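Participant: Kindly generate the corresponding structure for this input.
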Amino acid sequence: MLDEKDTLSYLRLAKAGDGAAKEKLISENVSLLKSIIKRYLGKGVEYDDLYELACMGFLKAINGFDERFGVRFSTYAVPMIAGEIKRFLRDDGSIKVSRAMKRAAREMNRFIEEYTAAHGEQPSVKELADAFSVDEGEAVIILGSSRMPLSIYEQSDYKDEKSVSLIDRLPAKDTQEDMLDRMLLRAAIEELPDREKKIVFLRYFRDMTQSEVARRIGVSQVQVSRIESKLIDRFRKALEG
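Facilitator: The predicted model follows:
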């Protein structure tokens, strides 16, 4: 695979419309594509079709990547590639989403709106979990099933020069893909200590900046950044299987 410097050089060319640069990036990342494809074999889709889907996700990652993210391109590309395959499996009817989960998510969102109106701020993960008699990890999973699927680097409504960006907001009809992401990552999330679970919830489901999260849980922004970097790596490994 290309080193990070060369990868960035080809990415700049590819984003400017250089077809040869795109082909070079794909050819140099075949091992990454195959590692993701491997987990979806045996689900009724031929290998060649999975490879084509993976390439489509890879090209979307090229278009959406921004050097200001401060992460390796491969770290950003993995969930984009997996998401493209999962979207196909979902639309093809291979996976169905629980109606009970959707109903619980709607009720939870209604609770958040009412709580925010009454208290002037959103409820904490613990308050949300207590209100619905579930553990905090389950609350994160349920709430995530109701939101548009988000790249963890999408630009949120909150601005903070030290926070990572979030991009590539997908349309609401892709709600099921977000649920699939939660299913893949559920085991990793449930193993996290309560503080890390709360960071996941506040950063990726409430779109808070690192500084806002730091104030909420009583640590420094640097600590949140360090913890988040470790979580991203952990979730990447979960997606790669």
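
Participant: Now do the helices in this protein.
Facilitator: In the chain, the helices defined using DSSP state H lie at 4-15, 19-27, 30-37, 47-64, 73-91, 99-119, 125-132, 136-144, 175-190, 194-204, 210-217, 221-240.

Participant: In JSON lines: these, plus mean neighbour count and mean pLDDT.
Facilitator: (Glycine included, C-beta is placed from N, CA and C.) Listed next are those as JSON lines, based on neighbours: other C-beta atoms under 10 Å; pLDDT from 0 to 100:
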{"stretch": "helix 4-15", "mean neighbour count": "15", "mean pLDDT": "90"}
{"stretch": "helix 19-27", "mean neighbour count": "15", "mean pLDDT": "91"}
{"stretch": "helix 30-37", "mean neighbour count": "16", "mean pLDDT": "90"}
{"stretch": "helix 47-64", "mean neighbour count": "18", "mean pLDDT": "91"}
{"stretch": "helix 73-91", "mean neighbour count": "22", "mean pLDDT": "85"}
{"stretch": "helix 99-119", "mean neighbour count": "14", "mean pLDDT": "81"}
{"stretch": "helix 125-132", "mean neighbour count": "17", "mean pLDDT": "85"}
{"stretch": "helix 136-144", "mean neighbour count": "22", "mean pLDDT": "70"}
{"stretch": "helix 175-190", "mean neighbour count": "19", "mean pLDDT": "54"}
{"stretch": "helix 194-204", "mean neighbour count": "20", "mean pLDDT": "83"}
{"stretch": "helix 210-217", "mean neighbour count": "19", "mean pLDDT": "88"}
{"stretch": "helix 221-240", "mean neighbour count": "17", "mean pLDDT": "79"}
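
Participant: how far away is the nearest residue to residue 195 once chain neighbours are set aside from residue 135?
Facilitator: Sequence neighbours aside, residue 217 is the residue nearest to residue 195 in space, at 6.4 Å (criterion: C-beta to C-beta, 6 or more residues apart in numbering). Residue 217 sits 18 Å away from residue 135, going by C-beta to C-beta, to the nearest Å.

Participant: And for residue 236?
Facilitator: In terms of C-beta to C-beta, residue 236 sits 24 Å off from residue 135.

Participant: Quick check: the gap between the residue lying farthest from the centre of the chain and residue 111.
Facilitator: Distance to the chain centre peaks in the chain at residue 118, reaching 30.3 Å (criterion: C-alpha atoms, centre = their mean). Distance of residue 118 to residue 111, given as C-beta to C-beta: 11 Å.

Participant: Domain map for this protein?
Facilitator: Domain assignment for the chain by automatic domain parsing gives 4-91, 99-240.

Participant: residue contacts, residue 11?
Facilitator: Each residue near residue 11 by C-beta atoms under 8 Å, 6 or more residues apart in numbering is listed here: 21, 25, 62, 65, 67, 73.

Participant: any idea which of those is closest to residue 104?
Facilitator: Distance ranking of those against residue 104, using C-beta to C-beta, places residue 65 first at 34.5 Å.

Participant: Look up the closest residue to residue 122, ignoring the ones flanking it.
Facilitator: Closest to residue 122 by C-beta to C-beta, 6+ apart is residue 116, at 5.2 Å.

Participant: now do residue 208
Facilitator: Per C-beta to C-beta, 6+ apart, closest to residue 208 is residue 202, 4.6 Å.
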